[in-house]
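> Build me a structure from this.
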Amino acid sequence: MAENQDKSSKTEEPTEKKLRDARKRGDVPASRETGNLMVVVSLFGVTAFLLPLQTASLVASLSRLLEGAGQIEVGAGNSGSAQLGDVFRSLVYDLSTALYPMVLVLVGGAIFGIIVRGETVIAFDRIKPKFSRVSPMQGLKRLFSADTLVEFGKNLVKVAAVGALGFWIGRGAVEQVWLVPGLFPERLPGLMQEASARMLGAVGALLVPIAVLDIIWRRFEWRRKLRMSVKEIRDEFKESEGSPEIKSRRAAIRRSRARQRLAAAVPTASVVLTNPTHFAVALKYERGSDQAPVCVAKGADAVARRIRSLAFENDVPVIENKPLTRSLFQVLEVGDEVPVDHWEAVAKIIGFVIALEEHRRADPPEGSVLKTTPD
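Numbering: from 1, shown residues only. Have a look, this model is predicted:
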C-alpha cells in the first residue's frame, strides 16, 4: 500500500542529476531487439551475398584437392608426407580465406548491435552482489512486472511471426525441390541458400518495427521508473545548492555575465579613470541630458585591467588620477551619479575630454595624466 502511494506521488519528470546518477549506476535504456536485428541483418548479408562467392571458392579448392589426391605418394617416405602437408596447408588457407570475411561481418554486426542497442556505460555497481537479486519476493515482483509482461508478449509475437514466415518460405522451397522436374542435385545447396536468405530477409524486415517500438518503450519505461516526487526534487535542489560543482558553475556564469556587461558598457563611456593599475572607473556624461556623470563600469585588479583594455580598443580616453579614481571607486556603484563633492574634479576632466573631442588644445587637469597606450 505504501509502495503504491509512493509511486503515485512520483509525477514529475526526472531531473538531469537523477538521469546522470542512473547512468553512473549502469541503469540505462537498452533495447535487446536492436541487437537481434543487427545479428539477423549480418546473417542475411553473409547468406545472400558472401556465401555464394565463398562457396564457389571452396568448391574450387576442394576440386583441386580431389584432383591432386591421386598424385600423393602415400608411404613413400618424406616425399609423401610433404605432399600431404602441402595439401592440408592449402586447404586450411583456402578455408580461412573463404570464412574470415563472413566471420568478420558477423562479429562486426554483433558489435554494432551492442552499440546501437542503447547507451553503453561501464558501471561496476551492476556486478556488486545484492540481496534483492536472490530474494524470492523480489524475484516474484520482477516476474509479474510490466517489463516482463511486455517482453513475454513481444516474444510471443516474434515466435508466431517467425514460425509463419518459416512455414511459408520453407513450404515454397520444398515444393520447388519436389515439383520441379529434372532438378539436379548440385542445385540443392543453391536453393537452400536462396531459401535461407529469403527467410533471414523476412525476419529482418519483421524485426525493424519491433526494434523501433522496443526502443521507444524502453526509453519511456526508463524515464517513468525514474520519475520523482515534488519533495524529492526540492531535496535534490537543496542538496545541490551547496555542492562545489554548482557553486563553481554559478561563479563561472557570474564572471561570464560580468565580462559581457563590461564589453557593452565601457564603449559607451566618456572617460575611464585609472589608479593606474588597481582601480578603474568608467564615467559617462551626455551634455544636455545628464545632470552629472554616471558610473557605467568599475573594477579592481583584473577587472580594472579589462576596463582599460576595452577603453583603448574603443577609443575611450583613459586618464590616470590616483586619488580621484580611488575615491570614486569607494563611493560609486554602477548606475550612480558622481556625488556633489566630486563634481569640480570630475568636471575638469570631462571638460578636458570634450576639448579633445573638439580637437581644441587643452592640458589635462592638475594631478591627471592622459594615457595614450596600454601599460
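> hey, let's count contacts and neighbours off CA atoms from now on
OK.
> so V46 makes contact with L104?
No - taking contacts as CA atoms under 8 Å, V46 lies outside contact range of L104: 9.9 Å.
> E337: neighbouring residues, count only.
Neighbour count for E337, taken as other CA atoms under 10 Å: 19.
> Leaving out the residues flanking it, which one is nearest to it?
Of all residues not flanking E337 in the chain, V294 sits nearest, at 4.4 Å (CA to CA, 6 or more residues apart in numbering).
> what sits against that neighbour?
By CA atoms under 8 Å, 6 or more residues apart in numbering, V294 lies in contact with 283-285, 334-338.
> how does it look with 6 Å?
Contact partners of V294, counting by CA atoms under 6 Å, 6 or more residues apart in numbering, are 283-284, 336-337.
> In JSON lines, list those residues along with secondary structure, distance to G201 and pLDDT.
As requested, those are exported to JSON lines (DSSP: H, G, I helix; E, B strand; the rest coil; distance: CA to CA, whole Å; pLDDT from 0 to 100):
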{"residue": "L283", "secondary structure": "strand", "distance to G201": "76", "pLDDT": "94"}
{"residue": "K284", "secondary structure": "strand", "distance to G201": "76", "pLDDT": "93"}
{"residue": "D336", "secondary structure": "coil", "distance to G201": "77", "pLDDT": "92"}
{"residue": "E337", "secondary structure": "strand", "distance to G201": "79", "pLDDT": "92"}
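> In PyMOL, select just the buried ones from the residues you listed.
Burial among the contacts of V294 is assessed by 16 or more other CA atoms under 10 Å; the matching PyMOL selection reads:
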select buried, resi 283+284+337
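> Which of the helices or strands spans L328?
For L328, the host element (DSSP states H and E) is helix 322-331.
> got the contact list for that helix?
Residues from elsewhere that reach helix 322-331 (CA under 6 Å, 6+ apart): 273-275.
> The spatially closest residue to L207 that is not a sequence neighbour and G113: what is the separation?
Excluding its sequence neighbours, the residue lying closest to L207 (CA to CA, 6+ apart) is L37, at 5.9 Å. Using CA to CA, to the nearest Å, one obtains 8 Å as the distance from L37 to G113.
> what do you get for A302?
For A302, the distance to G113 - CA to CA - is 53 Å.
> before we move on, what about E344?
As judged by CA to CA, E344 and G113 stand 78 Å apart.
> remind me which residues of the stretch 251-375 of the chain are low pLDDT?
For the stretch 251-375 of the chain, the stretches flagged by pLDDT under 70 are 375.
> which SSE is G299 in?
Per DSSP H and E: G299 is located in strand 294-300.
> So which residues of the protein form helices?
Counting by DSSP state H, the chain has helices at residues 2-9, 16-24, 32-45, 51-69, 78-116, 136-143, 146-179, 188-225, 230-241, 244-265, 302-313, 322-331, 343-357.
> Most tightly packed of those?
When the helices of the chain are scored by mean count of other CA atoms under 10 Å, the highest mean neighbour count falls to helix 32-45 (a mean of 22).
> ok and that one relative to helix 188-225, angle-wise?
Orientation of helix 32-45 against helix 188-225 (axes from the mean of the first three to the mean of the last three CA atoms, to 10 degrees) gives an angle of 160 degrees.
> Determine the set of other helices and strands touching helix 32-45.
Where contact means 3 or more CA pairs under 6 Å, 6 or more residues apart in numbering; DSSP states H and E, helix 32-45 is packed against helix 78-116, helix 188-225.
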